[in-house]
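Engineer: Build me a structure from this.
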Amino acid sequence: CGRIMWLKTRVRYLLVCLVPFLCIFAVTLIQTNIVFALDGMINHTAVDFNTPNHRRHFHSIDHGDVCAKTSDDSEGCHDLIPDGSFNWDDNIEALINLIIFVGSVIGTLSTLFIYDFINMRFVFSVCIMFPGFLNVLTPTFAKKGGHVSVLIFRFFTGLYTSVLSPAVPMFIQTWFLSTEQYTMNVIVFLGVEVGRMFFVLSGDIITNPSLGWEFLFVMPGMLCVILGFIFFFLVTDDPLENTFISQEEKQIIAADKQWKYTINRVPPYTKTSTKLKINKYMSKIKLMKCASNRIETPWYDMVTDRNFLLSVLQFLSQSWVTPVMVLMIKKYLEEIHGYSIREAAFMVTIPTNLSQIVIGWVSGVLGDWTVKQQISPLLVRRAGALVCSLCALPFLILPFLPCEVVQYRTVVLGIQIFGSIKVFGNLAGYTSFRELSPTFNRQLFGVASLLSNTVPGIMVPVFMSAFKTSTRSSWTKNFLTNAFIMIIGNWIYAIFIRAEMATWDPKYIQETDTDPKDTIVCKTKIVNLKSPCSHRKSSTSTNSSSYKMETLGEGTRNSVSSASPNSSRYKMETRNRKTREQV
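Structural biologist: Sure thing, here's the model as predicted:
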């Protein structure tokens, strides 16, 4: 009986951990598939030089300063790389890899506002299903419309999928206990690592006549469409409004969040018709948010906050590691050291992602342990950033290693595994957003995602284009530049960060502005007992038995300031008073 009750109060792990994990996994597939599919799409040796009958080497490699050698210059140096049907040069290939980040910029900007008006559940589901549908269509349109069609589809893939990430921290923060959130965040976002691991099979898929590069678009696209429907059916913004979790579990969540909730005991042997259950479920589906529940976002205070800017810098430095470990390492191994597609795909997927899964789990458990032990958050943030900065060390060493050393696959495996300690950065900048402003956590993460999802993905290819990739000396410049960016960003964060709540967050105002001598104002709203919100416990009642009063906030000071109208204190109190009125 105790085991059944334990399972009954853990349904949230299935709904808001496993389902979002699978969604992030599927979205990662459609975001990353183009990097690997291009190996089978492009005809690498079809473009002629000025000299007839001579083929261009794979990506114009200069064989005077590489480790891979060839005996016949006319045939190219990578016989294991199959030629596709598209005669796209390096510029088109770079543009196709880059365009998704352009869409991500616009999509991430929209997250700063769209979730204020539209239900997160609806937005999340649509932004999984629509790009999935586009990926299913990509092979057909690519064969008919060429690279222009691919560019359009990749742009919208980046546009829609970038909307998802800022919503995940809010679901985690709302659904899980404070001592669970580190681990749950890690588990959900491990879908990224598992998704990238899938592409270790890309070489076999591309060379398989019955699958081909088309499979890398069609299968992930169909998976996204299916998971989008499942997410919309099972997950709600508010756990207390969810049909699929028990009242006991709702009470556990409400107690942790300090919400008021009463279990409504159903009389024994009471039967509810299927139609009534469906009607109850449908009544809880909300597409638009109520305008009266919106709180104005203090954008200027937020984007000028020192701790926020430092957190963004650390988050950006941590995200910078990903394109280095995938895009740069893959290209470096293929072009300079002569690795085959299968070997290069393996090196940038399995060792990296498996180690990030293990290290990510350890960091999440460690983070929850520090909360239970009440260890100083500032110490945890600094330690996380400093450990994250160590991931740059192997990339400082790699370009100086002799060719004979890099030919040992275990050396490359060690470099990728050591670089995976970047996930300890989740204890730093990523967590600082929730700590800085619990109310505006989504907006903070959205602005940070705008930079972290786009700047590294744009700048790493730009550096590769500027420094070139045809010689070992050019790769030395590439690796050193990116490694120093990773180190400097984490160190600046560790030195100057402060673990404190922002003064412009409404929760800070409510907790610090409660002088009993001043007038106490209780913020309430009327809630219909027949509505989905009727599960919340009443603190006051109206004359009508059909309504209850639901407390929305704590007592807050509502007094006239004695400060000068021109002083900074007066301006602060005025802004705080307006925020309280909105709350």
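Engineer: any idea which residue sits dead centre in the protein?
Structural biologist: What sits nearest the mean C-alpha location of the chain, by CA atoms, centre = their mean, is Ser165, with 3.9 Å.
Engineer: pLDDT below threshold where in the stretch 201-350 of the chain?
Structural biologist: Where the stretch 201-350 of the chain drops to pLDDT under 70, the residues are 265-285, 287-294.
Engineer: in the stretch 251-400 of the chain, which spans are strands?
Structural biologist: Read by DSSP state E, counting those that start in this stretch, the stretch 251-400 of the chain holds no strands at all.
Engineer: Now do the SS call for the residue nearest to the centre of the chain.
Structural biologist: coil (DSSP: H, G, I helix; E, B strand; the rest coil).
Engineer: what packs against the helix ranked longest in the chain?
Structural biologist: Secondary structure of the chain per DSSP state H: the longest helix is helix 120-161. Judged by 3 or more CB pairs under 8 Å, 6 or more residues apart in numbering; DSSP states H and E, the packing partners of helix 120-161 are helix 19-41, helix 90-117, helix 167-175, helix 215-234. The C-beta positions use only the backbone N, C-alpha and C, and glycine is treated the same way.
Engineer: Looking at the ones you listed, which one is packed in the most?
Structural biologist: Greatest average neighbour count among these goes to helix 19-41 (a mean of 24), per mean count of other CB atoms under 10 Å.
Engineer: Alpha carbons of that helix, as PDB, please.
Structural biologist: Output of helix 19-41 as PDB, limited to C-alpha atoms (Å, rounded to 0.1, in the frame of the first residue of the first chain):
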ATOM      1  CA  VAL A  19       7.600  13.800 -21.600                       C
ATOM      2  CA  PRO A  20       9.600  17.100 -21.800                       C
ATOM      3  CA  PHE A  21      12.800  15.000 -22.000                       C
ATOM      4  CA  LEU A  22      11.400  13.200 -25.100                       C
ATOM      5  CA  CYS A  23      10.300  16.500 -26.600                       C
ATOM      6  CA  ILE A  24      13.800  18.000 -26.100                       C
ATOM      7  CA  PHE A  25      15.300  14.800 -27.500                       C
ATOM      8  CA  ALA A  26      13.100  15.100 -30.700                       C
ATOM      9  CA  VAL A  27      13.700  18.800 -31.100                       C
ATOM     10  CA  THR A  28      17.500  18.200 -30.800                       C
ATOM     11  CA  LEU A  29      17.200  15.800 -33.700                       C
ATOM     12  CA  ILE A  30      15.600  18.300 -36.100                       C
ATOM     13  CA  GLN A  31      18.000  21.000 -35.000                       C
ATOM     14  CA  THR A  32      21.100  19.000 -35.500                       C
ATOM     15  CA  ASN A  33      20.200  16.700 -38.400                       C
ATOM     16  CA  ILE A  34      21.400  19.100 -41.100                       C
ATOM     17  CA  VAL A  35      25.000  19.000 -39.800                       C
ATOM     18  CA  PHE A  36      25.200  15.200 -40.500                       C
ATOM     19  CA  ALA A  37      22.800  15.000 -43.400                       C
ATOM     20  CA  LEU A  38      24.900  17.400 -45.500                       C
ATOM     21  CA  ASP A  39      27.600  14.700 -45.700                       C
ATOM     22  CA  GLY A  40      25.300  12.600 -47.800                       C
ATOM     23  CA  MET A  41      23.600  15.500 -49.600                       C
END
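Engineer: Which elements pack onto it?
Structural biologist: Looks like helix 19-41 contacts helix 90-117, helix 120-161, helix 167-175, helix 181-197, helix 202-207, helix 215-234 (3+ CB pairs under 8 Å, 6+ apart).
Engineer: Might you report the residue contacts of the residue nearest to the centre of the chain?
Structural biologist: Counting by CB atoms under 8 Å, 6 or more residues apart in numbering, Ser165 touches Thr108, Phe445, Ser449, Asn453.
Engineer: again with Ala37
Structural biologist: Per CB under 8 Å, 6+ apart, neighbours of Ala37: Ser202, Ile206, Trp213, Leu216, Phe217.
Engineer: will you turn these into CSV that also has distance to Cys23?
Structural biologist: Listed next are the contacts of Ala37 as CSV, based on distance: CB to CB, whole Å:
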residue, distance to Cys23
Ser202, 22
Ile206, 26
Trp213, 24
Leu216, 19
Phe217, 18
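Engineer: Just the closest of those to Glu343, please.
Structural biologist: Nearest to Glu343 among the contacts of Ala37: Ser202, at 11.7 Å, using CB to CB.
Engineer: was I right about that closest one contacting Ala345?
Structural biologist: Yes. At 5.1 Å, Ser202 and Ala345 qualify as touching, with contact defined as CB atoms under 8 Å.
Engineer: joint contacts of those two?
Structural biologist: Joint contacts of Ser202 and Ala345 (CB under 8 Å, 6+ apart) are Phe36.
Engineer: Give me the pLDDT value at Leu80.
Structural biologist: Looking at Leu80, its pLDDT reads 48.
Engineer: Phe155 now?
Structural biologist: At Phe155, pLDDT is 92.
Engineer: same thing with the one 5 residues further on?
Structural biologist: With respect to pLDDT, Tyr160 has a value of 91.
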